[in-house]
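A.B. asks: Give me a 3D structure for the following:
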Amino acid sequence: MYPFFERRISSLWKRYAVDVDESGQDARATGVQSVKRALDLLECLGSAGEPLGLKRLTDLSGLPLATVHRLLSTLSARGYVRQDGRSRKYVLGASVLKLRDPYSRVVAVRAHPFLAELARFSRETANLAVMDGGHVLYVAQAAPERKLRMFTEVGNRLLPHSNAVGKILLAFRPRNEVAGIIERNGLPARTASTITDVDAFWAELERTATSGYAVDNGEEEEDVHCVAVPVFVLAELVAAISVSGPAGRMSRHDRPELVAEMRRLAVALSGALGAPADGSPGDASPYPAGVGEDRG
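C.D. replies: Numbers count the residues shown, from 1 in each chain. I've put the predicted structure just below:
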């Protein structure tokens, strides 16, 4: 879950700290513990891809059943969790969207100068995308000075399997979450080049995670190629940036050089979003170990 979420939920949770202090511990320490436990439950629900019952949430979180029930009651009252009236199982509530959407807008605004620099470097369209309910959502874009056809638009939502940004946003997610997305969405063919075989797609995600970048060779749209890299903040995936253009022009790019520049700008964007961009001693790297290395 994004650091922005934790700060926001922490501020909302302070008023409930006294209610969950059963052990007589310092109220401030107990309140922090309650926030962490609430976030654990939200992350369980967010990664499950399906409604979860009280027993299942207790098993996944490792928390006592009474604690889970109490936290769910408070989260439900604030709209962050919703209980289905028929199955009695829990899903994320609409209030989570109030936290996610402002964060996406912040990422888009801060990304624009980096996308503009990438567009100038590549002389192609640069994009920023995030995951939105099992789909890819394009939230920012920059075009080079020359007039080009745009291959996607801000606000477009696409299935993630047939484009480079989608592969990035899946490759660095928990396997069970990705499996749920594939099961719900399927792998429908967008073009003759779309990967529609499940085993082949898992292999593609493995290649993406290993190399640290993804490619789309006409899989979303005929004769359009795309390269994408991840954007991490303190080892947490928050977005993907990409360069897209006609297959003929994209094939003339020096891919290692392009990917290296994209990675540099992705790390710089990580710094703008709160992570150290220089990897200086004593600071956490914005990338997980082994990601973003120059592997060609």
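
A.B. asks: This protein: strands as residue ranges?
C.D. replies: With DSSP state E as the definition, the chain shows strands at residue ranges 81-83, 90-92, 125-132, 135-142, 157-158, 214-217, 224-233, 236-246.

A.B. asks: So for the last one, mean pLDDT?
C.D. replies: Put plainly, it is strand 236-246. pLDDT averaged over strand 236-246 equals 90, rounded to a whole number.

A.B. asks: gap between the two ends of stretch 73-83?
C.D. replies: Length of stretch 73-83, first residue to last, CA to CA, to the nearest Å: 10 Å.

A.B. asks: same deal with stretch 153-160?
C.D. replies: Distance between the boundary residues of stretch 153-160 (CA to CA) amounts to 15 Å.

A.B. asks: Go through it and flag the buried ones.
C.D. replies: Across stretch 153-160, burial judged by 16 or more other CB atoms under 10 Å covers 156, 158-160. The way it works is simple: take the backbone N, C-alpha and C, and place the C-beta from them, glycine included.

A.B. asks: could I get those residues as JSON lines with distance to Asp132 and pLDDT?
C.D. replies: Conversion of the buried residues of stretch 153-160 to JSON lines gives the following (distance: CB to CB, whole Å; pLDDT from 0 to 100):
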{"residue": "Asn156", "distance to Asp132": "11", "pLDDT": "83"}
{"residue": "Leu158", "distance to Asp132": "10", "pLDDT": "90"}
{"residue": "Leu159", "distance to Asp132": "11", "pLDDT": "91"}
{"residue": "Pro160", "distance to Asp132": "10", "pLDDT": "94"}
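
A.B. asks: Same list (those residues) but as TSV, adding distance to Ile182.
C.D. replies: Written out in TSV, the entries for these read as follows (distance: CB to CB, whole Å):
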residue	distance to Ile182
Asn156	21
Leu158	15
Leu159	10
Pro160	9
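
A.B. asks: Need the max-distance pair from those residues.
C.D. replies: Pairwise distances across these peak at 12.4 Å for Asn156 and Pro160 (criterion: CB to CB).

A.B. asks: Number of residues surrounding Asp254?
C.D. replies: Neighbours of Asp254 under the rule other CB atoms under 10 Å: 9.
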